[in-house]
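S.K.: I would like the atomic coordinates for the input below:
(chains A and B)
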Amino acid sequence: MSEQATPRPARRSPERLYTHRIARWIDGRLGAAKFARTALNKVFPDNWSFMLGELALYSFVVLVLTGIYLTFFFDASSNRVVYTGSYEPLRGVEMTQAYRSALELSFDVRAGLVMRQIHHWAALLFLAAITVHLARVFFTGAFRRPREINWIIGCTLLPLAMFNGLFGYSLLDDQLSGTGLRIVYGITISIPLVGTWAASLLFGGEFPGPDIIQRLYVIHILLVPALIAVLIALHLAILVRHKHTQFPGPGRREDNVVGERLWPTYAFKALGLFFLTSGVLALLGGVFQINPIWVYGPFDPAEVSTASQPDWYMGWLDGALRIMPGWEIRAFGFEIPNPFFPGVLLAGVTFALLYAWPFLEARVTGDHSEHHILDRPRQRPVRTALGTATLSFYVICFFGAAADVLASTFGLSVNAILWTFRILVLVVPPVVAWVTYRLCKELSARDGLPIASQVTMREIPRRLLRGRAAET
Amino acid sequence: MTDPRGTEESPPVVTRPPSTGDDELTRRGARAERAAAVSFLLAMAAAIGLTIVYWEGGQPQAEGILLAVVLGGIGVGIVLWAKHFMPTEDVAEDRHPMESSEEDIAAFAADFQAGGSSLQRRRVLVATAGGACAALGVALLFPIRSLGPRPGRGFKQTAYKGGDIRVVDENGMPVHPRDLPVDGFITVWPDGHTDDADASTLLIHFRSDQDFQPKAGREDWTVDDIVAYSKLCTHVGCPVGLYQAELGLLLCPCHQSTFDVMRHAKPIFGPAARSLPQLPLGLDGDGFIIATADFSGPVGPGFWDRGR
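M.R.: The predicted structure follows:
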């Protein structure tokens, strides 16, 4: 910061003139060269599984870009109109402006349908990438100190993304989306004490509610995306602060990070992955039809189509609703209705456990130190077994959502299929846990890998209650 | 876990060595460069194609494929570029524990306390300012109340309240018992409320040989073997739209709850735990079907104080 005028730099090559001058201008105001140089030299370890989070990020970018385009045409209004547009079969049918604008977007706006379909596919990929990324972080122990905060941010992003996906396809006011909202309403009023209030405030009254489309629209395009964007920024800032975890390997230690520099190789690979991801999404959006709302027709609260299935990431919840036996609790004129248990309690317990996991694990293992070298799943038989068991539970719930489709496809009784799922959902997870546990032990013994923690399943409850344990 | 910190020598720089001679390398390099350039050119051509398709009126499949080629072409080009012409050596960067040193923490605490002593001396101000902020927070919660009405009677009654209301079909036409064939069912609403989401009702004409057993006290709630139930599933409120006339069962397509029409629509399978509310039927002077009173209970999914 000397007062003296710095001598003009040596003549630069002509093609860099403007970029160079702009960079100097910015640096003159921010003094960013040192910071930018550090950023260029930032080291990222290479592993295929580290790009899962990137996939989620790029899907989000595609979601925002296509979503902005869609907002220019979508009309989030529950006013009733008669359709006179270019889709023949629905002409003369009464519908909301929301549904009409979605039809117009699909049939009359050039590039509208492809944008809508890319948007929907991107949402499916966003959730898939988040889920697999979460599994990667879990099974490799990347959530351990110092990364617990980032784990919590990630665990918050998952339900936000789920809800925003659900709200997104609920906006269009076709028969399927209306059925979905009806179920949301039914689950909301099932909450003890506050359920009816919560539903009334969310829907602006009783179902279907005069304001729900406008409300969901604001939530879907502003509130939740802003939250997601802020949390992603935090997630990445913390990642930069921590420096990425790495798998064990030559020269890799807890106090270093070995990999490629950000500039240029890693940055170009990441940029290439972004283009490839959006390319695949464009192909899916162009060629593979998704959510053909014109087939479903406008929402009529008295009708419902068979085989109403939600998007894949809500499948576990829908399946849990179906698998749950017809039980509810009633006493003194009060009741805890059936949907509360699978719809609110199960989801609540799921996410509570997810949030608490790093702390529960540290409590059981007594290991409170920093970890930057990742585990191989087989080195952690208990964690891996509990993880696969939990996954198997949700996978079975997911398939439970297809009970009616399975029944009609294979000509079986729905009751028999649902009973099968009720049994499977209880039996399979323990079996999966046991098989995984044995498999991890065998595999790590074969590889000569040490088991990282000698805590056995049986010791967990005692250790959880006692807290800090000496053994690691 | 063993802590490898400090047990190893300085981090080795791992460079992936070229496996072949220089000639082979240049030839491969030229090939890769060509491939990358071709995919950029392809992307360019597809972008031009995309504008033409759009200009000519648009076609979703073509747009999607061309856009995929544009984006994919750029992606492939960049990845080839990165893979073949950019440094691939692994470098090591130091990593330090996240925790601050004791000195830093002590220095921070000292500075904070130096500034914060004015807080400790003004206890009254701290308390009242905190109270004011808390009050603001509470006051800001109240506008949430504007989002919806107090959940009221609407949860427990429908437009049938008061009774002696004709039921009408979706076109608003009254229903005569002979309009409904045996084993047939239709959806009806209270007259003038065909838009009412929670008043939709199923009229079912069961066969006289079916073993219909009314619940005690509801013996006169049917008309000419026609029984009426709320169409809203008591699980989460989907319309119970499937009637298996042979078995006299109503099936909810959403979550497969099954209700026995012959036994006051009690749930016999699936997650629903409560019977569909029944609507007491009668006939008016013109022989059309009327509801003599509201449903036997709150319709649709359950809620906390349903029974109060």
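S.K.: Can you name the residues that contact the residue of the stretch 101-250 of chain B at minimum distance from chain A?
M.R.: Closest residue of the stretch 101-250 of chain B to chain A, C-beta to the nearest C-beta: B:V236 (2.8 Å). Where C-beta positions appear, they are placed from N, C-alpha and C, glycine not excepted. B:V236 is in contact with A:182-183, A:185-187, A:190, A:321, A:339, A:343, B:254-255, B:301, counting by C-beta atoms under 8 Å, 6 or more residues apart in numbering or on different chains.
S.K.: Among those residues, name the ones in helices.
M.R.: A:182-183, A:185-187, A:321 (DSSP state H).
S.K.: Check which element follows the longest helix along chain A along the chain.
M.R.: Assignment by DSSP H gives helix A:414-447 as the longest helix of chain A. Using DSSP states H and E, the helix or strand that directly follows helix A:414-447 along the chain is helix A:460-466.
S.K.: before we move on, the earlier item: return the member of the ones in helices among the contacts of B:V236 nearest to chain B.
M.R.: Checking the ones in helices among the contacts of B:V236 one by one against chain B (C-beta to the nearest C-beta), the nearest turns out to be A:G186, at 2.8 Å.
S.K.: Can you check the pLDDT for that closest one?
M.R.: If you check A:G186, the pLDDT there is 95.
S.K.: next helix or strand past the host helix or strand of B:A114?
M.R.: Element membership of B:A114 [criterion: DSSP H and E] is helix B:102-121. Scanning forward in sequence from helix B:102-121 by DSSP H and E, the next helix or strand is helix B:123-141.
S.K.: Tell me what angle that following helix forms with helix B:102-121.
M.R.: Orientation check (axes from the mean of the first three to the mean of the last three C-alpha atoms, to 10 degrees): helix B:123-141 against helix B:102-121 gives 90 degrees.
S.K.: And the contacts of helix B:123-141?
M.R.: B:L119.
S.K.: from the chain's centre, how far out does that helix sit?
M.R.: 38 Å (C-alpha atoms, centre = their mean, to the nearest Å).
S.K.: Mind listing what's buried along that helix?
M.R.: Of all the residues in helix B:123-141, not one is buried under the rule 16 or more other C-beta atoms under 10 Å in any protein chain shown.
S.K.: and it, C-alpha only, in PDB?
M.R.: Extracted C-alpha coordinates of helix B:123-141, given in PDB (Å, rounded to 0.1, in the frame of the first residue of the first chain):
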ATOM      1  CA  ARG B 123     -26.600  -4.700  34.000                       C
ATOM      2  CA  VAL B 124     -29.800  -2.800  33.800                       C
ATOM      3  CA  LEU B 125     -29.200  -1.900  30.200                       C
ATOM      4  CA  VAL B 126     -28.300  -5.400  29.200                       C
ATOM      5  CA  ALA B 127     -31.400  -6.800  30.900                       C
ATOM      6  CA  THR B 128     -33.800  -4.300  29.500                       C
ATOM      7  CA  ALA B 129     -32.300  -4.400  26.000                       C
ATOM      8  CA  GLY B 130     -32.500  -8.200  26.000                       C
ATOM      9  CA  GLY B 131     -36.100  -8.000  27.200                       C
ATOM     10  CA  ALA B 132     -37.000  -5.500  24.400                       C
ATOM     11  CA  CYS B 133     -35.500  -7.800  21.700                       C
ATOM     12  CA  ALA B 134     -37.400 -10.800  23.100                       C
ATOM     13  CA  ALA B 135     -40.600  -8.800  23.100                       C
ATOM     14  CA  LEU B 136     -39.900  -7.800  19.500                       C
ATOM     15  CA  GLY B 137     -39.400 -11.400  18.600                       C
ATOM     16  CA  VAL B 138     -42.700 -12.400  20.200                       C
ATOM     17  CA  ALA B 139     -44.600  -9.500  18.600                       C
ATOM     18  CA  LEU B 140     -43.200 -10.500  15.200                       C
ATOM     19  CA  LEU B 141     -44.800 -14.000  15.600                       C
END
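S.K.: So is the very next helix or strand once past that helix next to chain A?
M.R.: Where DSSP H and E defines the elements, the next helix or strand beyond helix B:123-141 is strand B:165-168. No. On the criterion C-beta under 8 Å from any C-beta of the partner chain, strand B:165-168 is out of touch with chain A, staying 12.6 Å away.
S.K.: for the very next helix or strand once past strand B:165-168, packing partners?
M.R.: Using DSSP H and E, the helix or strand that follows strand B:165-168 in sequence is strand B:185-190. With contacts defined as 3 or more C-beta pairs under 8 Å, 6 or more residues apart in numbering or on different chains; DSSP states H and E, strand B:185-190 has these neighbours: strand B:165-168, strand B:201-205.
S.K.: got the angle between strand B:185-190 and strand B:201-205?
M.R.: 140 degrees.
S.K.: nearest to B:I204, of the ones in helices among the contacts of B:V236?
M.R.: A:R182 (21.9 Å; C-beta to C-beta).
S.K.: State the number of residues packed around residue 25.
M.R.: All of this is about chain A. 10 (other C-beta atoms under 10 Å in any protein chain shown).
S.K.: ah, no, chain B please
M.R.: For B:L25, using other C-beta under 10 Å, the count is 13.
S.K.: next one: A:H235
M.R.: 20.
S.K.: Could you tell me which other helices and strands whichever helix or strand it is part of packs against?
M.R.: Using DSSP H and E, A:H235 sits in helix A:224-242. Packing partners of helix A:224-242 (3+ C-beta pairs under 8 Å, 6+ apart): helix A:51-71, helix A:148-170.
S.K.: Give me every residue in the stretch 151-300 of chain B lying close to chain A.
M.R.: Counting by C-beta under 8 Å from any C-beta, the stretch 151-300 of chain B sits next to chain A at B:151, B:154-155, B:170, B:187, B:189, B:197-198, B:200, B:231, B:235-239, B:241-242, B:251, B:253-258, B:267, B:269-274, B:300.
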